[in-house]
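Novice: With the input below, show me the fold.
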Amino acid sequence: MYLDWNDYRRQLKAGVGEIGRLSPDTVRGYVGLSSAGQKKDVLGAKTRELIAIAVAVTLRCDGCITSHVDAAIGLGATEDEIAEALGVAVALNAGAALVYSTRVMDAYRNHQAT
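Specialist: Numbering: from 1, shown residues only. Model (predicted):
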């Protein structure tokens, strides 16, 4: 096991609480932004959490991973659903690397032209 994810989630909650005491507007703004997508509820909470897991992986955010895995499980997400969301993250990361590789080659060619 890499981390004790439950303990990490508790530590993270305490740390965010401390930031909230020091900078309440920052946390209040984050909460407002986080909940904005829930207003219409077109996708449903579980689907939003599965998307959040995929994004958390692409951003390499352990705090996001533990929070959104916990929420997804609480909403009934299965191991297979989470694995499928991870497959999307892996595919996009590979795709993004390929797309950005074309930018590197463009920069190289641009440099050679000068």
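Novice: quick one: the helix or strand hosting Glu84 to chain centroid distance?
Specialist: Using DSSP states H and E, the element containing Glu84 is helix 79-113. How far helix 79-113 lies from its chain's middle: 17 Å, per C-alpha atoms, centre = their mean, to the nearest Å.
Novice: For that helix, list every residue counted as buried.
Specialist: Buried residues in helix 79-113, defined by neighbour count with 16 or more other C-beta atoms under 10 Å: Glu81, Ile82, Ala85, Val88, Ala89. For the C-beta atoms, the positions are set from N, CA and C on the backbone; glycine is no exception.
Novice: Ok, stretch 41-48 next?
Specialist: Judged by neighbour count using 16+ other C-beta under 10 Å, the buried positions of stretch 41-48 are Lys46, Thr47, Arg48.
Novice: so what's the second one up against?
Specialist: By C-beta atoms under 8 Å, 6 or more residues apart in numbering, the contact list for Thr47 is empty.
Novice: Tell me where the model's unsure across this protein.
Specialist: Filtered on pLDDT under 70, the chain yields no residues whatsoever.
Novice: Kindly provide the distance from the spatially most central residue of it to Asp106.
Specialist: Residue closest to the mean C-alpha point of the chain, counted by C-alpha atoms, centre = their mean, is Ala56 at 2.2 Å. From Ala56 over to Asp106 the distance is 30 Å, taken as C-beta to C-beta, to the nearest Å.
Novice: again, but for Val42
Specialist: As it turns out, when the distance is counted by C-beta to C-beta, Val42 lies 37 Å from Asp106.
Novice: And for Ala85?
Specialist: Distance from Ala85 to Asp106, by C-beta to C-beta: 32 Å.
Novice: same check, this time on Glu18
Specialist: 45 Å.
Novice: Next: Tyr100.
Specialist: Distance of Tyr100 to Asp106, computed by C-beta to C-beta: 10 Å.
Novice: can you check Leu98 too?
Specialist: On the measure of C-beta to C-beta, Leu98 and Asp106 end up 13 Å apart.
Novice: same check, this time on Leu50
Specialist: As for Leu50, its distance to Asp106 is 34 Å (criterion: C-beta to C-beta).
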